[in-house]
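In: give me coordinates for this.
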Amino acid sequence: MLKDIFSKYGIVGIWLICFCISLGATSQPKPQDLTIELSLNNNDWIYNIGEQVSVSGVVKYKGKSLDSVKVKYDIGPEMLTAIIADSIIITNGSFVLQAGTMQNPGFLRCTVKVEYKGKEYREVITAAFDPNKIAPTVDMPSDFMDFWQKAIKDNREIPLDPKMTLLKDRSTEELNVYEISFQNYKLGSRIYGILCVPKSPGRYPAIFNPPGAGIHKIQGDLTTAKNGFITLQIGIHGIPLNMEPEEYKKLANTTFKRYRVEGMENKDTYYFKRVYLGCVRAIDFIYTLPEFDGENIAVTGGSQGGALTLITAALDKRIKYLAAYAPALSDLTGYLHNRAGGWPHMFKTSINNNEKLINSLQYYDAVNFAKHIRVPGLYSFGYNDETTPPTSMFSAYNSIMAPKELYVVKETGHWYNRLQTEKRADWLQNKLRKN
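Out: Numbers count the residues shown, from 1 in each chain. Prediction:
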């Protein structure tokens, strides 16, 4: 994939990969020999309640239409058991499926599979039914902000103890690049990150980038920093950044394999408590930098990082702007109401359907933070996302009462295209420069 993107986009393509890694999603999928081109009878993929959906498809192999090929398809509400599951033999390389409708706001997904020359190919297309009317299912605890304000106050009793090590091999003529760390959550427990600071004398706006899901090395955002911004990317697991790649893989499969659900039965023990507090501490760290202009600061991320973007903007009123892409951890309880819930999908199986867990996770659901956002934001995601379902993302987006701009690229799954990454960069940098 790296070779394909470089040949098409050059160095911009390489930056695209780095940015998508920081957002926690993959770049656009690699083209395949067999393509399943799907379309809906409404070009914008948006329907009214009760309106009928039809799916048209064309199957091609190396650009030529195929005949007499078996097409398997499933149709139903996204992430739930299919209502229709059947197959057809196509003629003239095309087919039409009647997908039905929905009686409530949400998303209806058609999944198509074709097996050809021993390999299975898969494609999805998703119809939106009144998406702007999707309301969240999660309840708001009466002491929600009291809980978090106390947690932040208690966390600040721990000395920040910031440390910075200049990375000479990563620094450039324009930038100083540092590995940084600061204390968080417990004495001796640290958050690690990569900080980029312009070398030219002056004071600069800052952009904070919390990470997507998983265990991986933090690279730093040198591209944005070169445009006159301080950038800080962090990891959330308290892992130093100088280990070999294999060490991160080992940790991902052992120590941190279940971090997404660790301690989730209790709001005081859930793993993400240290993560959410660590994001606020990252803003505290930025405010210690003499090169920071002391006012203009934004937060941006995607997937898990998209959720952490919403959460940071809600908890820290120093944030002036945010750009959240495909936010996870949104409306987790959706599955308990017969619709898709947010990543990491802990309620998708009935084993987790208990009152104690439901009550605990209300304090961590990104929807409840979205309701407390008061600053302008850019939001972007696609209808075909099977990791952070659009039902869950609209639950968060529709809960935001602050000025907001939504950039939907309906065809995208859990990845971002070049236009999305460019829009995010332009939007944030223009907002911060205006101040």
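In: so what does the helix or strand that V280 is a member of touch, helix or strand wise?
Out: V280 is part of helix 272-286 when elements are defined by DSSP states H and E. Applying 3 or more Cβ pairs under 8 Å, 6 or more residues apart in numbering; DSSP states H and E, we find helix 272-286 packed against helix 144-155, strand 175-184, strand 186-198, strand 204-209, strand 230-234, strand 292-302, helix 304-315. C-beta here means a position set from N, CA and C on the backbone, and glycine is covered the same way.
In: swap the cut-off to 6 Å and go again
Out: Contact here means 3 or more Cβ pairs under 6 Å, 6 or more residues apart in numbering; DSSP states H and E; on that basis helix 272-286 packs against helix 144-155, strand 175-184, helix 304-315.
In: what's the closest of these to K410?
Out: Each of the helices and strands packed on helix 272-286 was checked against K410 via Cβ to Cβ, and the shortest separation belongs to helix 304-315, namely 17.5 Å.
In: what does the domain assignment say about this structure?
Out: Domain assignment for the chain by automatic domain parsing gives 32-133, 144-434.
In: make a markdown table out of these and add mean neighbour count and mean pLDDT.
Out: As requested, the domains of the chain are exported to a markdown table (neighbours: other Cβ atoms under 10 Å; pLDDT from 0 to 100):
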| stretch | mean neighbour count | mean pLDDT |
| --- | --- | --- |
| domain 32-133 | 16 | 96 |
| domain 144-434 | 20 | 96 |
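In: what's the helix holding V280 in contact with?
Out: By Cβ atoms under 6 Å, 6 or more residues apart in numbering, the residues outside helix 272-286 that reach it are 151-152, 155, 160, 162, 182, 184-185, 191, 206, 208, 210, 234, 236, 292, 308, 311-312, 315-316, 318, 364.
In: also stretch 182-200?
Out: Looking at stretch 182-200 with Cβ under 6 Å, 6+ apart, the contacting residues turn out to be 158, 160-162, 174-178, 180-181, 204, 218, 220, 222, 225, 228, 230-235, 238, 240-241, 274, 277-278, 281, 285, 291.
In: what's the answer for stretch 333-351, then?
Out: By Cβ under 6 Å, 6+ apart, the residues outside stretch 333-351 that reach it are 78-79, 106, 137-138, 260-261, 328-332, 352, 387-389, 391-392.
In: can you give me the end-to-end distance of it?
Out: Start-to-end span of stretch 333-351 (Cα to Cα, to the nearest Å) is 13 Å.
In: just give me how far that stretch sits from the chain centre.
Out: Centroid separation for stretch 333-351 versus its chain: 18 Å, with Cα atoms, centre = their mean, to the nearest Å.
In: part of a helix, is R318?
Out: No. In this structure, R318 is coil, not part of a helix, as judged by DSSP: H, G, I helix; E, B strand; the rest coil.
In: and it, backbone torsions?
Out: R318 has phi and psi values of phi -80, psi -20 when expressed as degrees, to the nearest 10.
In: residues contacting it?
Out: Residues in contact with R318 (Cβ under 6 Å, 6+ apart) are I283.
In: you'd agree K356 is in a helix?
Out: Yes. Judged by three-state DSSP, K356 forms part of a helix.
In: hey, what's V114 bridged with?
Out: When bridges are called by DSSP bridges, V114 pairs up with V71, Y121.
In: need the nearest residue in space to I319, chain neighbours excluded.
Out: Beyond its immediate neighbours in the sequence, the residue positioned closest to I319 (Cβ to Cβ, 6 or more residues apart in numbering) is A313, lying 4.6 Å away.
In: just the pLDDT for Y9.
Out: Taken from the predicted model, the pLDDT recorded for Y9 is 36.
In: in three-state terms, label the residue nearest to I46 when sequence neighbours are not counted for me.
Out: With sequence-adjacent residues excluded and distances taken as Cβ to Cβ, 6+ apart, I46 is closest to A128, at 4.9 Å. Put simply, A128 is strand when judged by three-state DSSP.
In: and the gap between A128 and V112?
Out: 18 Å (Cβ to Cβ, to the nearest Å).
In: and A324, by the same measure?
Out: Taken as Cβ to Cβ, the spacing of A324 relative to V112 amounts to 30 Å.
In: same question, L308
Out: Distance check for L308 against V112: by Cβ to Cβ, it reads 34 Å.
In: if we can go back for a sec, from the middle of its chain, how far away would the helix holding V280 be?
Out: What separates the centre of helix 272-286 from the centre of its chain is 18 Å, taken as Cα atoms, centre = their mean.
In: now the angle from that helix to strand 292-302?
Out: Per axes from the mean of the first three to the mean of the last three Cα atoms, to 10 degrees, the angle that helix 272-286 makes with strand 292-302 is 150 degrees.
In: send the alpha carbons of helix 272-286 over as CSV?
Out: What follows is helix 272-286, C-alpha atoms only, in CSV (Å, rounded to 0.1, in the frame of the first residue of the first chain):
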residue,chain,number,x,y,z
PHE,A,272,-9.9,4.8,30.3
LYS,A,273,-10.0,6.9,33.5
ARG,A,274,-6.2,7.3,33.4
VAL,A,275,-6.5,7.9,29.7
TYR,A,276,-9.1,10.7,29.9
LEU,A,277,-7.2,12.4,32.7
GLY,A,278,-3.9,12.0,30.8
CYS,A,279,-5.4,14.0,27.9
VAL,A,280,-6.1,16.9,30.3
ARG,A,281,-2.5,16.6,31.6
ALA,A,282,-1.2,16.8,28.1
ILE,A,283,-2.9,20.2,27.8
ASP,A,284,-1.3,21.1,31.2
PHE,A,285,2.1,20.1,29.7
ILE,A,286,1.6,22.3,26.6
